[in-house]
Every structure is written in structure tokens, then in C-alpha cells.
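>>> Quick one, structure for this:
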Amino acid sequence: MSTPSAPSTTSPSDAPRIVMPSAAAITQAAEQLAAGELVAFPTETVYGLGGDAENPAAVASIYAAKGRPANHPVIVHFSPEGDPGYWSDDVTPAARKLMDAFWPGPLTLILKRAPHIPAAVSGGQDSVGLRVPSHPVSQALLREFARVKGGKSGQGGVAGPSANRFGQVSPTAAQHVRDEFAGLPGVTVHVLDGGEAAVGIESTIVDLSRGFPALLRPGHITPEQIAEALGEMPRLPGQDSNAPRASGTLKAHYAPRTPLYLCDAGQFAAALAVRPAGERVAVVAFAPTLATLPADIAASTDIVKLVLPATPAGLATDLYAMLRRLDRANVTHILFERLPDTPAWAAVGDRLGRAAAAFERA
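Okay, the predicted model is just below:
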């Protein structure tokens with residue numbers, strides 16, 4: 001078997017690629033969803049593993065394919081024309097404000113679940129996560145699925161957690177999904193290729209099911225933006241011990257197969273100096289940090305060096321693809337520079353911290 005080539009030492013600068021499938025491909029995918037099958041579809045955040053949100057057997061197939069705990073809720077996606085009141089019997093004024101401000105877009109709202117919506121999508125809770133994605137392919141699919149279903153179920157909701165095995169790196173391109181589920185016995189996932197995800201990390205999740213706003217998962221939409229729309233700051237993670245369970249909020253999540261450890265800028269030289277001879281290590285750091293490495297370490301062919309994008313948005317777009325490239329780079333572990341502890345870096349820092357938590361020593 002050939003050794004995978006080392007990842008580039010520079011950050012990609014090309015804009016994410018969007019592909020629009022044919023109308024026939026969209027219809028086929030909608031019909032597959034209506035038949036209870038699984039369809040991976042693109043959103044602006046990551047690819048989702050989609051199933052009919054009103055079909056408990058389809059939702060169970062999502063959980064089985066991902067290896068996801070049955071009490072861990074999924075998010076229901078529907079088109080801009082859909083009615084949130086179909087999914088929740090308590091669409092509050094605060095929810096309407098956030099919908100008007102950020103939908104379609106990378107914001108998930110947790111609301112009280114309407115009685116006719118299966119509890120399977122909520123992990124058995126009385127709430128439901130709702131989102132209207134902005135990606136043109138997901139919107140086309142959701143509209144067509146609503147048309148195919150018709151009748152009282154014509155809302156066309158698709159349960160769509162990230163299209164990866166549970167706890168692992170989320171997919172931001174169609175090939176990531178194919179790689180993730182290839183060869184899994186009894187698992188068939190149809191993949192609708194819409195190009196590359198522009199945002200690159202999962203949606204912001206705000207809970208409005210308990211009478212006050214609470215941020216459950218940080219994302220592209222910031223707490224400050226939420227506060228501006230609502231007129232009050234949401235409770236932040238760590239301030240709310242009674243929050244409902246939500247996607248992507250476990251301590252260890254988004255993890256590559258290769259062990260990943262966070263390092264402060266000044267720790268790299270010492271950590272690399274004591275590595276065993278011939279051990280191949282990846283170093284992911286900002287350019288100024290890499291420039292301070294001793295010459296012998298910097299020149300070593302056993303160290304794969306990647307330059308971190310200088311902006312949070314740049315890193316968010318490439319983070320998961322970068323981790324997948326490193327999993328193919330034949331390295332023993334990844335040393336990743338700790339991100340700035342500022343609000344701007346909070347969302348991507350959250351994902352990176354959960355990835356590293358999977359490898360914390362007891």
C-alpha cells in the first residue's frame with residue numbers, strides 16, 4: 001500500500017465550490033427520502049444524513065448508520081416555505097424574531113415539539129430542533145420532498161444530523177460522506193453532491209423551549225448577534241445545567257482518528273524535541289509560531305507542518321477537511337495550536353476542544 005502524501009503546508013484559499021445537481025437527481029433523492037431511505041445532502045454548514053423526520057423507522061436508520069445513542073436528538077430541516085408551527089405548538093415571539101433575522105441560515109432553534117411529531121427526532125424529549133438551511137441544493141431537495149409527500153405531511157421535514165459516524169469528524173464535501181460509510185454492512189446512504197460547505201462547522205443552537213434564550217452550541221451566528229435580535233443576551237454554555245440535550249454538545253466530539261492534542265505557542269519546540277527518532281508528527285499552528293521553531297525541527301522531514309488560517313471563518317471552513325487530510329498523512333499524532341480565547345474564535349474553538357477531549361488522558 002502506498003503512503004499517503006503529506007498535506008499541504010499552506011491553507012487553501014479557494015472559495016468553497018457549490019454544485020447544483022439536475023432536477024432529476026433532486027427528485028430521485030426526494031423520492032428516496034419518501035421511501036424511508038437515507039440521503040446525505042449538503043447544507044451551508046456540513047453535510048447532513050437525511051431521513052424523513054416523520055418516519056420513525058427512517059430516523060432509526062439514521063441512528064443505526066451513525067452509531068448514535070438513541071437519546072441524542074437530531075435536527076429537523078425544512079424549506080423556507082415550511083411552517084414551523086407544524087413542528088412546534090409553541091412558536092414564541094422570540095423564535096419569530098430569530099427566524100426573521102437568521103433564517104434561512106446556520107441557526108437551529110429548540111422549541112416545544114408538537115404532539116404529532118415523533119419523539120424519535122428529539123431523543124425522547126418534549127422539544128424539537130428546527131432549521132431552515134440556506135444552501136440552494138438543500139432548499140431544492142426540501143421543497144421537492146414536501147411536494148412528493150403532499151397532503152398533511154407536505155411540510156417535508158428531513159431529520160439531518162451530520163453525515164458521519166457518531167463523534168467523528170463532520171463532512172464538508174460529498175466524498176467525505178462516501179468515505180465515511182463505505183463498506184459498512186447493512187448501511188446504504190445515497191449522496192446528493194452539492195459541492196463544498198461554505199461555513200464548515202455546525203449551526204448555532206439556541207434553546208427557546210423553557211421561556212428564555214439559551215445558547216447550547218456556538219456557531220457562525222454569535223451570541224451578540226442573537227442578543228441584538230432578541231434584545232437580551234442568551235444564557236451561555238456552562239451557565240445552564242438544566243439545558244435539554246442537543247446535537248454536538250457532548251464533551252468529546254468531532255474527533256479525527258489520529259490523536260490530537262492542543263498546545264500553547266511556546267510548547268511546540270519542547271514537545272517535538274523529545275519525540276522518538278523517526279516518529280512522524282503533524283504540527284498545526286499559526287505562521288508566527290511556526291517561524292519560531294528551531295531550525296533543525298523546522299527542517300525535519302518527520303514533521304508535517306500546516307499553517308492555520310489567520311481568521312476564524314477561514315479555519316471553520318477548512319477545519320474538518322484539514323483533520324481528514326491529517327488522518328491520511330501517516331502521522332502518529334497531531335499537535336494543534338490552542339486558538340485565541342476570544343468571542344470571535346469561540347465556535348471553531350469549541351469544535352477543536354471537543355475533538356481534543358476525545359484523546360484526553362484519564
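>>> Enumerate every residue touching residue 70.
Shown in contact with residue 70 (CB atoms under 8 Å, 6 or more residues apart in numbering): 63, 120, 123, 124. (Glycine included, C-beta is placed from N, CA and C.)
>>> so which strand or helix has it?
Secondary structure assignment for residue 70, by DSSP states H and E: no helix or strand.
>>> State the number of residues packed around the closest residue to residue 331 other than its chain neighbours.
What sits nearest to residue 331 in space, not counting adjacent residues and going by CB to CB, 6 or more residues apart in numbering, is residue 282, at 4.4 Å. When neighbours are counted by other CB atoms under 10 Å, residue 282 registers 25.
>>> related to what we said a few turns ago, which of the contacts of residue 70 count as buried?
63, 120, 123 (16 or more other CB atoms under 10 Å).
>>> Identify the residue spatially nearest to the second one, adjacent ones excluded.
Residue nearest to residue 120 in three dimensions, not counting chain neighbours: residue 59, with 4.3 Å by CB to CB, 6+ apart.
>>> give the contact list for that neighbour.
Contacts of residue 59 (CB under 8 Å, 6+ apart): 51, 52, 53, 74, 118, 120, 121, 159.
>>> Residue 350 and residue 344, how far apart?
12 Å (CB to CB, to the nearest Å).
>>> Comparing these two, which residue is more hemmed in?
Comparing residue 350 with residue 344 by other CB under 10 Å, the one with more neighbours is residue 350, at 21 against 13.
>>> which residues does that one contact?
So residue 350 contacts 217, 218 (CB under 8 Å, 6+ apart).
>>> tell me the mean pLDDT over the host helix or strand of it?
Taking DSSP H and E as the criterion, the element that holds residue 350 is helix 346-357. Per-residue pLDDT values over helix 346-357 give a mean of 95.
>>> How far off centre is that helix?
12 Å (CA atoms, centre = their mean, to the nearest Å).
>>> still on that earlier bit, got the phi/psi numbers for the residue nearest to residue 120?
Residue 59 adopts backbone torsions of phi -60, psi -40, taken as degrees, to the nearest 10.
>>> How about residue 279?
phi -70, psi 130.
>>> From what I see, it and residue 301 are in contact.
No: with contact defined as CB atoms under 8 Å, residue 279 does not count as touching residue 301 (11.9 Å).
>>> Neighbour count: the two, which is higher?
residue 279 (12 against 7).
>>> And the pLDDT for that one?
At residue 279, pLDDT is 90.
>>> Roughly how far does the spatially most central residue of the chain sit from residue 157?
Central residue of the chain (CA atoms, centre = their mean): residue 202, 3.3 Å from the mean position. According to CB to CB, residue 202 and residue 157 sit 18 Å apart.
>>> and what of residue 333?
From residue 333 to residue 157 the distance is 41 Å (CB to CB).
>>> Tell me which of these two has more neighbours.
Taking other CB under 10 Å, residue 333 and residue 157 do not tie; residue 157 has more neighbours (26 against 17).
>>> these two touch, right, the residue nearest to residue 331 and residue 328?
No: the criterion here is CB under 8 Å, and residue 282 misses it with residue 328 at 11.0 Å.
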